[in-house]
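# This is a predicted model, with the sequence first.
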Amino acid sequence: MVEDLRRRRLPSSGASSPTRRQPGRPSTPAEAGAFIVALTHEGGAQIWQPGVGFAARLQALAVELDVKGTRIFDLQIALTAFDNGVVELWSHDRNFIAFPGIQIPDPIA
């Protein structure tokens, strides 16, 4: 499946170009969009949305869990995952915050 996604091509001015970005440059909006379509339609991926009252819950949890600095992004990820029914979230980041109700194992360790 991954190889299929890597080989996927986009029409571009009558020519084809790979959806994978070329080294040394960011993806174009068309390439990024095609990659998301491939992941969701062909790869079975889901795009999660935060639940109702996300901002207020995020702020309350940040205070309760004493989350500071860039770890707020861990909290955003974990809360969005929790809102979508996740009970296990893999991360190789040994400093990823602990989140109530979600196990966070390191898949590489």
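It's in.

# Now stretch 70-87: buried residues?
By neighbour count on 16 or more other CB atoms under 10 Å, the buried set for stretch 70-87 is 71, 74-83, 86. Backbone N, C-alpha and C define where each C-beta goes, glycine included.

# Save these as a markdown table, and put in secondary structure too.
Rendered in a markdown table, the data for the buried residues of stretch 70-87 read as follows (DSSP: H, G, I helix; E, B strand; the rest coil):
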| residue | secondary structure |
| --- | --- |
| Arg71 | helix |
| Asp74 | helix |
| Leu75 | helix |
| Gln76 | helix |
| Ile77 | helix |
| Ala78 | helix |
| Leu79 | helix |
| Thr80 | helix |
| Ala81 | helix |
| Phe82 | helix |
| Asp83 | helix |
| Val86 | coil |
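
# quick one, domains of the chain?
For the chain, automatic domain parsing gives the domain ranges 2-42, 50-109.

# can you map out the helices along the chain?
Here the chain has its helices, by DSSP state H, at 2-7, 29-37, 54-64, 71-83.

# For Gln103, find the nearest of those helices.
Gln103 lies closest to helix 71-83 among the helices of the chain, at 11.0 Å (CB to CB).

# so what secondary structure elements neighbour the closest one?
helix 54-64 (3 or more CB pairs under 8 Å, 6 or more residues apart in numbering; DSSP states H and E).

# Would you mind giving the domains of the chain as CSV with mean pLDDT added?
Converted to CSV, those look like this (pLDDT from 0 to 100):
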stretch, mean pLDDT
domain 2-42, 67
domain 50-109, 95
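
# quick one: contacts for Ala109?
His92 (CB atoms under 8 Å, 6 or more residues apart in numbering).

# do you know how far it is from Asp93?
To Asp93, Ala109 is 11 Å away according to CB to CB, to the nearest Å.

# Kindly report the same for Pro26.
23 Å.

# Same check on Arg71?
Arg71 sits 10 Å away from Asp93, going by CB to CB.

# what does Leu61 give?
To Asp93, Leu61 is 18 Å away according to CB to CB.

# Perfect, that will be all.
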